[in-house]
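K.L.:
next comes the sequence, and after it the predicted model I'd like to discuss.
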Amino acid sequence: KETNRIQLPRNMIENSMFEEEPDVVDLAKEPCLHPLEPDEVEYEPRSSRLLVRGLGENEMDEDEEDYESSAKLLGMSFMNRSTGLRNNAAGYRQSSDGSCSVPSLRTMVVCAIVLVIAVSVIMVIYLLPKCTFTKEGCHKKNHTMELIYPLATNGKRFPWAKTRLPSNVVPLHYDLVLQPNLTTTKFAGSVQITVNVIQVTWNIILHSSGLNITKATLTSAGWNQAKPVAVLEYPIRDQIAVVAPDALLVGQNYTLIIDYSSNLSDTYYGFYKVSYKDEHAEKRWLAATQFEPLAARSAFPCFDEPAFKATFLIKIQRDEQHSALSNMPKNITIPVAAGIVQDEFSVSLKMSTYLVAFIVANLKNISKETNRTLVSIYAMPQKLGQVEHALDTAVKLLEFYQKYFHIEYPLQKLDLVAIPDFQAGAMENWGLITFRETTLLFDNKTSSAMDKKLVTAVIAHELAHQWFGNLVTMEWWNDLWLNEGFATFMEYFAMDRTFPELQTDEEFLKVRFKTMMKDSLNASHPISSAVQSSEQIEEMFDALSYIKGASLLLMLKKYIKHDSFQAGIENYLHNHSYGSTRSDDLWDSMNEVTILDNVKKLMKTWILQKGFPLVTVKRQGKSLHVQQERFLRSVESENWTSDASYLWHIPLSYTTNKCNPFLCPYAYLLDQKSATIELQEEVAWVKFNVDMNGYYIVHYAEDDWNALIDLLKNNLTALSAKDRAHLINNIFSLVGIGKVPLLKAFHLLDYLVKENHTAPISQALFQVNLIYDLVEKRGMQDLADRVEKLLRSKIDQQTWTDDGTISEREFRSTVLAFACSHHLGNCRTTATKLFEEWKASNGTKSLPTDVMKTVFTTGAKTDDGWEFLLSMYTSSVSEAEKHKMLEALASTEDVRKLIWLMQTSLEGDLIRAQELSHIIATVIQSLPGHLLAWDFVKENWEKLIRKFHLGSFAIQNIVTVSTFQFSTEAHLLEVKTFFESKSEKVSQLRCVKEKTQCHSVCVCALAIKKACELLLLQKPG
């Protein structure tokens, strides 16, 4: 048998597809080591699946057999064989003495003939190429070689069948030359990749997407000259295979040279083009990059996975009138042709491909040096006056991070660039951070206190990435939270230490509350989740990776104490600099510096499980009985995991009216379903999850809720502002799942007449807004009366100025926006007066920045006001002002105007497409708008997923906001039916699953509606 075995192709041997070649492969039993895409394989039922032995390349090209005849032959042979067996059984006759008689000669001849036919058929089945036999006959589509390897675009077998690249070849260095043409919007490129061979191979597998490869050669130190190589393309996975002329040997370095060309992208990914108006209102173009997570491959062939780190030498050929930026400082500029020069940048540090960046544009900058690093802010020339705040902020934060991590920023320069059309908030490219203009520019005349906080926060986040993500990078996208969770945590921590006047802990609290709403759905996911496809990877960029990741780090910091936490961070960064990590590497670093129980064991219960716990507390004398279960807003019969399978190790914190100042807050690790905590003495009240530093919701027994409500009314300062906000959030969350009556929640809110702090009032307004959005219109006015009674004094106390602390100014913006939105007090009268004065001055009169959006929104309610605002939008050079204007324009209830706004934004000329999700989020807040937005999304779905990648944050946001207001079974069915009609990829998006979980919206809404109806029967007293 062994001597007759067909020789396997060399790449099959190389990739170790089989330890021993099987005669017949049963895919129903054997796992597919190289899984294919669903549309590549047509599966038959297991009972009818019979696969023939895979053949070599030469046999694959021979003339095909007559499959239909073969199938008939096979069917006839089996029929004849079974018939013959029945007949032969009759030939064996039993003699009268009980012994078997000898079969006749005729019977023996028939048996021999049947046996020969059966053997012949088996040989045909065994040797016939390209055939899978089923009950229906021979199907040439399904043959073994396609089941193992996909086909390249030229019809040849592609020598790799996994989504992830093989590790037998690793990149060491890239020499990249690019020549973008901003007139033709095309670019040419050439890349030389030095690779090292880890395991002998004949193929180099790497990524390429949408590139027209014109030439490829391979060279080595042992070769006399470069050798041409064939390139196979498999665009479904953005992979190419370079087929070497000889075996590539272990330990040897080779240089792969590829010339190619492509178009500048008209999306927000890869190497893309941006149009803008210069200071003379002339249309200009620039080219910029956005590679994270999977778009470097669309700018140059590369090993586009985060663990494949290498160094980069980048050269940009450009028109003399433009300038170029990249990750590293510019070394030299030389002329290469008439009017064309080449900028060569220094060799980079070892980094991942998604961090590579380059920009070709006409930008201006201001700079400042700190600790031998030149920090520069770049913007359009007409907006250079808005970069001062960003420069000062970046310098302070860079100095803070270097001291806190005890690791110097390793590059000579740090550029922060405002891009006029940029989908993400910002991107942390090493040494060349790119921003939306609204997240980097600050205009003293039109930017509010919240605008300042936003700019500061985004800079803090991106600078933290220079260590968490750039210096140390997650190995694969399943652990994206290591990058984004850490950067988010450090963003708030650094701002609190560096700019305490911004009071960013309140903002961190607010986003944690919102993230827990998302995480309470069954469609949620663990922050460390297995991902393979591009859509799955894109979907990891969500609130859970960012905010939940940061929240868990905050909880860990409070549990192991700050000094141990900081030491653990230092260990982690020092041990893994210029390398790639998994979550366990972080926990191991923390374990080295803390005396507490195993950090890894504790934290795995949080990162590998979706959702979070509900801790129920019951006080009896000196005993506190606590138990945990999963907090779940919906219980879907399909794909639902029982609460019994969830167990977290929860670092509980709690305080009481008799808490010892030296020991408070108390701590207890709940690592079981339930436990009893013994107090030293009886207490009047107990509050768990102090300052909401833990990632869990607390439910109290009836008496304990009553005690806390009385405490707020009689001595609210006994609890911190964050604790008060936490109680408001918790009680409304429990109303949503039916554990607490809505009336009790409003009894708790009654204390707000004494509240003067932003965090609790903002949380109360957020919760009340949800009810406004969900209850029937007939109940709104009664509910508004009750809320107005609580807030009347707060509204009346506000002045329409920019006076006060950051917290007071933010509080003013929040309260007045709510009041005008719901016709409370004299808010609209005052706002209208201010708008008319501003309009009469043709927009030259200064408005208080903190109330500017409220004034614009009120003014846009009239046709004249809306048209004037639109004209001012098109001429304004302040992105902060334009952002407020756009939100006001989208708040109109004029259906034609709303349709025009969304369509114009999608087209991306007058209003940039980057604003579309924000426009939709505003449109849905009006009565006609929420159905209009959904209709717009349905009608333009294909355009949307072409402009914004499927699974991207933009698509997640558009899906979420366009269906946010839906609260009926009919709407749920419509949403579900629409997405299911598209494709499996679309229907399996997490954001789609979230919206098609009825209980997450519909049942919760109906429960609140019913509670509201009961509440509204009682007149506010």
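P.N.:
Now that the structure is in, tell me what you want to look at. Numbers count the residues shown, from 1 in each chain.
K.L.:
who's in contact with the closest residue to T616 other than its chain neighbours?
P.N.:
Taking Cβ to Cβ, 6 or more residues apart in numbering as the measure, T616 lies nearest to H699, with 4.7 Å between them; neighbours along the chain are not counted. Bear in mind the C-beta positions are built from the backbone N, C-alpha and C, glycine included. Under the criterion of Cβ atoms under 8 Å, 6 or more residues apart in numbering, the contact list for H699 reads 614-617, 730, 734, 739-740.
K.L.:
pull the most distant pair out of those.
P.N.:
Across the contacts of H699, the two members that end up farthest from each other (Cβ to Cβ) are V615 and V740, 14.5 Å apart.
K.L.:
pLDDT on stretch 910-926, on average?
P.N.:
For stretch 910-926, the per-residue pLDDT values average out at 91.
K.L.:
now do the buried residues in that stretch.
P.N.:
By neighbour count on 16 or more other Cβ atoms under 10 Å, the buried set for stretch 910-926 is 911-926.
K.L.:
so which of those residues is the closest to L172?
P.N.:
Taking Cβ to Cβ as the measure, Q914 is the one of the buried residues of stretch 910-926 closest to L172, at 36.7 Å.
K.L.:
the closest one is in contact with G425, isn't it?
P.N.:
No. No contact is recorded between Q914 and G425 when judged using Cβ atoms under 8 Å, the distance being 10.1 Å.
K.L.:
now for these two: what residues contact both?
P.N.:
By Cβ under 8 Å, 6+ apart, Q914 and G425 have these common neighbours: R436.
K.L.:
three-state assignment of K315?
P.N.:
Secondary structure for K315, judged by DSSP: H, G, I helix; E, B strand; the rest coil, is strand.
K.L.:
who's L670 bridged to?
P.N.:
L670 forms beta bridges with I650, as assigned by DSSP bridges.
K.L.:
low pLDDT regions in the stretch 851-1000 of the chain?
P.N.:
Counting by pLDDT under 70, the stretch 851-1000 of the chain has low-confidence residues at 967, 984-1000.
K.L.:
over to the chain?
P.N.:
Of all residues in the chain, those with pLDDT under 70 make up the ranges 1-114, 116-147, 634-643, 772-784, 967, 984-1021.
K.L.:
distance of the residue most central in space within it from L480?
P.N.:
The centroid of the chain falls nearest to F541 when counting by Cα atoms, centre = their mean (1.5 Å). Look at F541 and L480: by Cβ to Cβ, to the nearest Å, they are 7 Å apart.
K.L.:
also S262?
P.N.:
Distance, S262 to L480, by Cβ to Cβ: 27 Å.
K.L.:
ok, those two, which is more surrounded?
P.N.:
Relative neighbour count places L480 above the other of S262 and L480, with 26 against 21, counting by other Cβ atoms under 10 Å.
K.L.:
unless I misread the structure, that one falls within a strand.
P.N.:
No. Assessed with three-state DSSP, L480 is helix; it does not lie in a strand.
K.L.:
give the contact list for it.
P.N.:
L480 neighbours (Cβ under 8 Å, 6+ apart): 474, 540-541, 545.
K.L.:
neighbours around the residue lying closest to F422 once chain neighbours are set aside, how many?
P.N.:
What sits nearest to F422 in space, not counting adjacent residues and going by Cβ to Cβ, 6+ apart, is R436, at 4.7 Å. The burial metric for R436, expressed as a neighbour count using other Cβ under 10 Å, is 23.
K.L.:
over to F358?
P.N.:
Using other Cβ under 10 Å as the criterion, the residues surrounding F358 number 24.
K.L.:
would you mind measuring from it to S352?
P.N.:
Per Cβ to Cβ, F358 is found 15 Å from S352.
K.L.:
list the contacts for I761?
P.N.:
Under the contact definition (Cβ under 8 Å, 6+ apart), the residues listed for I761 are 752, 755, 791, 794, 811, 814-815.
K.L.:
turn these into TSV, including secondary structure, distance to A718 and neighbour count.
P.N.:
Formatted as TSV, the contacts of I761 follow (DSSP: H, G, I helix; E, B strand; the rest coil; distance: Cβ to Cβ, whole Å; neighbours: other Cβ atoms under 10 Å):
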residue	secondary structure	distance to A718	neighbour count
L752	helix	16	22
E755	coil	14	21
L791	helix	23	24
K794	helix	21	21
F811	helix	21	23
T814	helix	24	18
V815	helix	24	23
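K.L.:
give me the phi and psi for the residue nearest to G843 when sequence neighbours are not counted.
P.N.:
Once its chain neighbours are removed from consideration, G843 has its nearest residue in M872; the separation is 5.0 Å (Cβ to Cβ, 6+ apart). The phi and psi torsions at M872 (degrees, to the nearest 10) take the values phi -70, psi -30.
K.L.:
and M872, how many neighbours?
P.N.:
Other residues within reach of M872, judged by other Cβ under 10 Å, total 17.
K.L.:
in TSV, list the contacts of H699 along with neighbour count, secondary structure and distance to L414.
P.N.:
Putting the contacts of H699 into TSV (neighbours: other Cβ atoms under 10 Å; DSSP: H, G, I helix; E, B strand; the rest coil; distance: Cβ to Cβ, whole Å) gives the following:
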residue	neighbour count	secondary structure	distance to L414
L614	22	strand	44
V615	23	strand	44
T616	18	strand	49
V617	21	strand	48
N730	26	helix	42
L734	21	helix	46
K739	14	coil	50
V740	21	coil	50
